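# The sequence isn't on hand, but the structure is:
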């Protein structure tokens, strides 16, 4: 099994001959807050206020052809969002950032549904924010 990473214990990113669950379009935003103080007759002076919370976003394609159950994973993600679960985000055996992460938004698209209502393929875009 080729584990790529994880978001807690509920979402394990991996590629193998039996199961593929991976992400695409991973972005991370690292920013800071600055205050500007007006100076009479001169340019404003900048003051570093502090670091902002980091933000991460990525998309996951959930496809039953690759050994996963899209609806089960979506339900796990929904529960994490609605319960306010915070988890470590690990990619390549290294944690992303120093703190845990909360899912602030999960945007689902149900791409393929078979007869009987079985969800065969879905895409979910996740937005995470650092948790302190």
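Nice, thanks for sending it over. Keep in mind that this is a model prediction, so the values were computed, not measured.
# residue contacts, the residue lying closest to residue 31 once chain neighbours are set aside?
Take residue 31 and drop its neighbours on the chain: the residue closest to it by CB to CB, 6 or more residues apart in numbering is residue 52, 4.6 Å away. (C-beta placed from N, C-alpha, C; glycine too.) Contact analysis of residue 52 by CB atoms under 8 Å, 6 or more residues apart in numbering lists 31, 32, 33.
# Enumerate the strands of this structure by residue range, in sequence order.
2-7, 11-15, 20-21, 23-29, 32-39, 42-51, 55-63, 86-87, 89-91, 94-95, 100-113, 119-131 (DSSP state E).
# Please enumerate residues in contact with the longest one?
When you say that, I think you mean strand 100-113. With CB under 8 Å, 6+ apart as the criterion, strand 100-113 contacts 7, 56, 74, 77-78, 80-81, 84-89, 119-131.
# ditto for the fifth one
Taking CB under 8 Å, 6+ apart as the criterion, the residues outside strand 32-39 that touch it are 44, 45, 46, 47, 48, 49, 50, 51, 52.
# Return the residue of the chain that is most distant from the centre.
residue 41 (46.6 Å; CA atoms, centre = their mean).
# Same list, the strands of the chain, but as a markdown table with mean pLDDT please.
Output for these, formatted as a markdown table (pLDDT from 0 to 100):
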| stretch | mean pLDDT |
| --- | --- |
| strand 2-7 | 92 |
| strand 11-15 | 94 |
| strand 20-21 | 94 |
| strand 23-29 | 97 |
| strand 32-39 | 97 |
| strand 42-51 | 97 |
| strand 55-63 | 97 |
| strand 86-87 | 97 |
| strand 89-91 | 97 |
| strand 94-95 | 95 |
| strand 100-113 | 97 |
| strand 119-131 | 98 |
